[in-house]
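Participant: Sequence and predicted structure, then a few things I'm wondering about:
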Amino acid sequence: MGKATVAKKVFECTERIAKVVTYASRPMRPGEQNHVTYHFVSGEEFKRKIEAGELFEWEKVYGDAYYGSPRDPFENVPEGFDALLEIGAGGMKAYRAAFPEALTIFLAPPSMEAILDRIEKRGGGEGNLENRLSSAVAMLKEAEEYRYIVVNDRLDSAAEQLRAIILAARANARHGDVLDNLQRQVTAWKATRAGNK
């Protein structure tokens, strides 16, 4: 199972999380939906978007397809929601540079056999197989750049680990707000007590 399958499961079991739909220049696969899985566009349209500055980040992967994010990636994320993006290492670095607080999670394949199996199921001929294998190996080298690594061996387990990381990050983000609020309450309580004496 790929990133999209795990992410779909996370959306099903996690409140207040929204998907940022990115662009892809490859054809849709069975089960995918335009403007849901990706915004599917032609290679020419993708190149036009690059030249027009309509993308926040983009990269060419597998030797034949472009992937990238809209210029304002969080435009359609509802207030109070966290955004989840399924992107490669190049995109991750662009986001981390612009948003240092971004939580980066690498979904690692459980084995080399799993990588080969996934690539072969995608098809596309021997040349495509070599391109995808080279890209997969290069991606593994980037894993240490991520804050967390989750082994993508079983769907439920991988989704639950991702969900746990997201919930922990939310709790940590609220940590300062909770303490500030309590400190204000303590200060107000002390002032009230001093006034009543």
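Facilitator: Cool, got the structure. Residues are numbered from 1 along each chain as shown.

Participant: what comes into contact with stretch 105-123?
Facilitator: 2-3, 6, 29, 128-129, 132-133, 136, 140, 142-143, 145-153, 158, 162, 165 (CB atoms under 8 Å, 6 or more residues apart in numbering). Heads up, the C-betas are built off the backbone N, CA and C, glycines and all.

Participant: So Arg71 sits against Phe56, correct?
Facilitator: Yes: in this structure Arg71 lies within contact range of Phe56 using CB atoms under 8 Å: 5.5 Å.

Participant: out of those two, which sits in the busier spot?
Facilitator: Using other CB atoms under 10 Å as the criterion, Arg71 and Phe56 rank with Phe56 on top: 18 against 13.

Participant: Run the chain-centre distance for the lowest-mean-pLDDT helix or strand in the chain.
Facilitator: Sorting the helices and strands of the chain by mean pLDDT, DSSP states H and E puts helix 125-141 at the bottom, at a mean of 72. Centre-to-centre, helix 125-141 and its host chain are 21 Å apart (CA atoms, centre = their mean, to the nearest Å).

Participant: you'd agree Asn172 is in a helix?
Facilitator: Yes: judged by DSSP: H, G, I helix; E, B strand; the rest coil, Asn172 forms part of a helix.

Participant: List the contacts of Val151.
Facilitator: 108-110, 158.

Participant: Just the ones of those residues in helices?
Facilitator: Judged by DSSP state H, helices contain the following of the contacts of Val151: Ala158.

Participant: Out of the contacts of Val151, which comes closest to Tyr95?
Facilitator: Minimum distance to Tyr95 across those is 19.1 Å, recorded for Ala108 (CB to CB).

Participant: What confidence value was assigned to the closest one?
Facilitator: In this model, Ala108 is scored at 90, pLDDT.

Participant: Show me what it is bridged to.
Facilitator: Val151 (DSSP bridges).

Participant: all numbers from here: first residue = 681
Facilitator: Sure, I'll start numbering at 681, so the last one becomes Ala788.

Participant: sorry, back to before: quick check: of the contacts of Val831, which has the highest neighbour count?
Facilitator: Counting by other CB under 10 Å, top hit in those: Ala838 with 23 neighbours.

Participant: Please work out how many residues are found near Asp836.
Facilitator: When neighbours are counted by other CB under 10 Å, Asp836 comes out with 10.

Participant: Confirm that it sits in a strand.
Facilitator: No: assigned with three-state DSSP, Asp836 falls outside any strand and is helix.

Participant: That one: what's it in contact with?
Facilitator: Lys689.

Participant: what's the pLDDT at it?
Facilitator: pLDDT, Asp836: 95.

Participant: distance of it from Asn811?
Facilitator: 31 Å (CB to CB, to the nearest Å).

Participant: cool, Ile730 as well?
Facilitator: Distance from Ile730 to Asn811, counting by CB to CB: 20 Å.

Participant: more neighbours, those two?
Facilitator: Asn811 (18 against 12).

Participant: Helices along this structure, start to end?
Facilitator: Going by DSSP H, the chain shows helices at 683-693, 723-731, 769-778, 792-802, 805-821, 835-876.

Participant: I appreciate the help and will end here.
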